[in-house]
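*Asks:* based on what follows, work out the 3D shape:
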Amino acid sequence: MDEKTALTAFTALSNRTRMRMLKSLVQASPHTMSAGDIATAVGATASRASFHLANLAEAGLITSERHSREVLYQVSFDQLTELTRFLLVDCCSGRIDIQNCC
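*Replies:* You can find the predicted model right below:
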């Protein structure tokens, strides 16, 4: 993962609603969640949920799949793994054995 991609992901996660959405999707995994279910889980309106979900998708942290009129979302664990790996390598110079390296 390059720095620009990591910054986009961290920016997406810096919002409370988006963080809660991601947590909801992680907890639901391996199942998907509809936009409405995600909105309900985090207490967001449908329009705000759509905005936040688009932001998370743009950052590559979630994926979506359309099923007729419903869009289902799931977390992208590959991207989360890459983001974690980027942070550990950049912050700790690859030495994940260092306690409190960050």
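*Asks:* so, low pLDDT: which residues of the chain?
*Replies:* Scanning the chain for pLDDT under 70 picks out 90-102.
*Asks:* for the chain, what spans make up the helices?
*Replies:* 3-13, 16-28, 35-42, 46-58, 77-92 (DSSP state H).
*Asks:* middle-most residue in this structure, spatially?
*Replies:* With distances taken as CA atoms, centre = their mean, the residue of the chain nearest its centroid is Leu61 (3.6 Å).
*Asks:* residues touching that one, list them.
*Replies:* Contacts for Leu61 (CB atoms under 8 Å, 6 or more residues apart in numbering) come out as 9, 12-13, 22, 75-76, 79-80, 83. Placement of C-beta: from N, CA and C, glycine included.
*Asks:* Met33: which of the residues you listed is nearest?
*Replies:* Nearest to Met33 out of the contacts of Leu61 is Val75 (CB to CB; 9.5 Å).
*Asks:* OK, contacts around the closest one?
*Replies:* Listed by CB under 8 Å, 6+ apart, the contact partners of Val75 are 22, 25-26, 29, 61-62.
*Asks:* how far away is the residue nearest to the centre of the chain from Thr40?
*Replies:* 20 Å (CB to CB, to the nearest Å).
*Asks:* do the same with Thr63
*Replies:* 20 Å.
*Asks:* tell me how many other residues crowd the closest residue in space to Arg85 that isn't next to it in sequence.
*Replies:* Nearest residue to Arg85, sequence neighbours excluded (CB to CB, 6 or more residues apart in numbering): Met1, at 7.0 Å. Using other CB atoms under 10 Å, Met1 has 17 neighbouring residues.
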